[in-house]
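Colleague: model this:
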Amino acid sequence: MKDDFESIRAERETPPHRVAPTKNYAGLWKQIALGIIVGYTVLGIMSTIGWFIFLKLSMGSLQIAIP
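Modeller: Numbering: from 1, shown residues only. Take a look at the predicted model:
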């Protein structure tokens, strides 16, 4: 009985399939920029609200007497 290994050798000798590199991070800079803009906007709004609350509390107890 003859062993037939031709199909195995043929599979092994096929040229490797080259995969073109994909640009997985193409939109990453846009996400970073949007995150920075949204983050600073939210921080600014929260800071403004905090200052208004602070001013309201501090000015509420302050009384100015006019002679």
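Colleague: contacts and neighbour counts: CA atoms only from here.
Modeller: Will do.
Colleague: If you tally nearby residues, what's the number for residue 38?
Modeller: Residue 38 has 12 neighbours, counted by other Cα atoms under 10 Å.
Colleague: Which strand or helix spans it?
Modeller: Using DSSP states H and E, residue 38 sits within helix 28-60.
Colleague: pLDDT weak spots in this structure?
Modeller: For the chain, the stretches flagged by pLDDT under 70 are 1-17, 21-22, 62, 64-65.
Colleague: can we see that at 90?
Modeller: Scanning the chain for pLDDT under 90 picks out 1-29, 55-67.
Colleague: Identify all contacting residues around stretch 51-67.
Modeller: For stretch 51-67, there are no surrounding residues in contact (Cα atoms under 8 Å, 6 or more residues apart in numbering).
Colleague: Tell me the span between the first and last residue of that stretch.
Modeller: 30 Å (Cα to Cα, to the nearest Å).
Colleague: Going forward, count from 3.
Modeller: Shifting the count to begin at 3 puts that one at stretch 53-69.
Colleague: Show me which parts of that stretch are buried, residue by residue.
Modeller: Residues of stretch 53-69 include none that count as buried (16 or more other Cα atoms under 10 Å).
Colleague: can you count the residues close to residue 36?
Modeller: For residue 36, using other Cα under 10 Å, the count is 12.
Colleague: could you check the distance from it over to residue 42?
Modeller: 10 Å.
Colleague: same check, this time on residue 61
Modeller: When distance is defined by Cα to Cα, residue 61 is 28 Å away from residue 42.
Colleague: And residue 35, by the same measure?
Modeller: Here residue 35 is placed at a distance of 11 Å from residue 42 (Cα to Cα).
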